[in-house]
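K.L.:
Need a 3D model of the sequence below.
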Amino acid sequence: MYNKYLKSFIIAADLNSFNKAAAKLNISPTAVMRQMDVLEETLGVKLLNRTNHGVWLTKAGEYIYKESKEIINRCDDILAEAKKLSDEE
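P.N.:
As a prediction, the model looks like this:
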């Protein structure tokens with residue numbers, strides 16, 4: 001229902017680290033970096049500033065971070081309700 005890399009983006013932003021995000025997602029840091037590259041390329045917007053000390057949101061990244069959290073929460077609610085309705089049939 002939404003770009004699957006948004007959750008990785010949110011986790012990386014929350015933790016300010018690809019390594020920590022990778023550990024939480026049970027994937028490699030390289031995989032997280034590639035996902036962020038693909039997400040930024042797909043959106044045509046730079047979301048994260050990368051440094052040797054971590055990752056930090058750009059202004060565009062801050063906006064997409066906030067809105068994406070709301071979208072993901074809404075999508076999760078929709079899916080939970082759909083499953084509930086399906087169980088009632």
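
K.L.:
Output the contacting helices and strands for the helix or strand of the chain with the lowest mean pLDDT.
P.N.:
Counting by mean pLDDT, DSSP states H and E, the weakest-scoring helix or strand in the chain turns out to be helix 59-88, with a mean of 94. When contacts are defined as 3 or more CB pairs under 8 Å, 6 or more residues apart in numbering; DSSP states H and E, helix 59-88 packs onto helix 5-15. To be clear about C-beta, it is placed using only N, CA and C from the backbone, and glycine gets the same treatment.

K.L.:
Can I get the helix or strand just after the helix it packs on in CSV? Just the C-alpha atoms.
P.N.:
Following helix 5-15 in sequence order, the next helix or strand is helix 18-25 (DSSP states H and E). Listed next in CSV are the C-alpha coordinates belonging to helix 18-25 (Å, rounded to 0.1, in the frame of the first residue of the first chain):
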residue,chain,number,x,y,z
PHE,A,18,22.2,2.6,8.9
ASN,A,19,24.0,0.1,11.1
LYS,A,20,21.5,0.3,13.9
ALA,A,21,18.6,0.3,11.5
ALA,A,22,20.0,-2.8,9.8
ALA,A,23,20.3,-4.6,13.1
LYS,A,24,16.7,-3.8,14.0
LEU,A,25,15.5,-4.9,10.5
